[in-house]
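Engineer: can't give you the sequence, but here's the structure:
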Ligand SMILES: Cc1cn([C@H]2C[C@H](O)[C@@H](COP(=O)(O)OP(=O)(O)O[C@H]3O[C@H](C)C(=O)[C@H](O)[C@H]3O)O2)c(=O)[nH]c1=O
């Protein structure tokens, strides 16, 4: 696997080694030893899988208890995946990283604990699976508005179509009003 640095040191882009042959391909999508050695010393306790139609934007979400790190990959379609630094003490507080993840490029994004996460779906459908370092805790979940002007995330929105949002994401907080990590 190849680990690629991003604009935020703790956020990593991972390219697994793909073994292709006449049948198709094989790849190790995660190995505890290599992940700990090259990305982050953490354990995963919950796997998620979500499917979204084109134009769906989920996020920006994070938990302030059971704080989750997430290892995100796309198993079908393509999405623009975003991590936002919500750690007040960080030199990159309020900065974001956005990468294209797709079934084609097989890339994975490591979203560390302390970051908000969101994605926007570009293809007719996209499915993502992601490993979490802590359990879902809805009572401690927070949302930051996807189009917050301070974050100014450059979403590759499909021309003329407002993103499809959940009710929760439509009423998300501004970055300045959102709870940050110390
Ligand atoms: C996240 C989650 C949700 N749920 C239930 C709660 C709702 O009944 C239903 C849909 O939840 P929600 O609309 O919050 O799903 P997303 O909008 O995809 O939320 C996720 O989107 C962003 C991109 C993330 O990184 C988080 O994993 C998560 O916040 O699944 C669970 O049972 N367990 C879970 O871990």
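Structural biologist: Cool, the structure landed. Worth saying up front: this structure is predicted, and the values here are computed from it rather than measured. Numbering: from 1, shown residues only.

Engineer: where's residue 157 relative to residue 10, distance?
Structural biologist: Separation of residue 157 from residue 10 (C-beta to C-beta, to the nearest Å): 27 Å. Heads up, the C-betas are built off the backbone N, CA and C, glycines and all.

Engineer: so for the biggest helix by length in the chain, mean pLDDT?
Structural biologist: Longest helix of the chain, by residue count under DSSP state H: helix 32-38. Per-residue pLDDT values across helix 32-38 average out to 98.

Engineer: please report how far the nearest residue in space to residue 26 that is not next to it in sequence lies from residue 27.
Structural biologist: With sequence-adjacent residues excluded and distances taken as C-beta to C-beta, 6 or more residues apart in numbering, residue 26 is closest to residue 19, at 4.6 Å. Distance from residue 19 to residue 27, counting by C-beta to C-beta: 7 Å.

Engineer: likewise for residue 90?
Structural biologist: Where residue 27 is concerned, residue 90 sits at a distance of 32 Å (C-beta to C-beta).

Engineer: of those two, who's got more company?
Structural biologist: The neighbour count for residue 90 versus residue 27, taken as other C-beta atoms under 10 Å, is higher for residue 90 (17 against 12).

Engineer: need the nearest residue in space to that one, chain neighbours excluded.
Structural biologist: Counting by C-beta to C-beta, 6+ apart, the nearest residue to residue 90 once its immediate chain neighbours are dropped is residue 114, at 7.4 Å.

Engineer: so who does that neighbour touch?
Structural biologist: 10, 62, 67, 85, 86, 87, 90, 181 (C-beta atoms under 8 Å, 6 or more residues apart in numbering).

Engineer: could you dump these to CSV with pLDDT?
Structural biologist: Shown next, in CSV, are the contacts of residue 114 (pLDDT from 0 to 100):
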residue, pLDDT
10, 97
62, 98
67, 98
85, 98
86, 97
87, 97
90, 97
181, 93
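
Engineer: out of these, who's the most crowded?
Structural biologist: residue 62 (27 neighbours).

Engineer: touching the ligand at all, the one helix or strand it maps to?
Structural biologist: Residue 62 belongs to strand 57-63 when assigned by DSSP states H and E. Yes. Strand 57-63 comes into contact with the ligand (C-beta under 6 Å from any ligand atom), by way of 58, 59, 61.

Engineer: quick check, the last one in contact with residue 143.
Structural biologist: Looking back up the chat, that one is residue 61. Yes. Counting by C-beta atoms under 8 Å, residue 61 does reach residue 143; the two are 5.5 Å apart.
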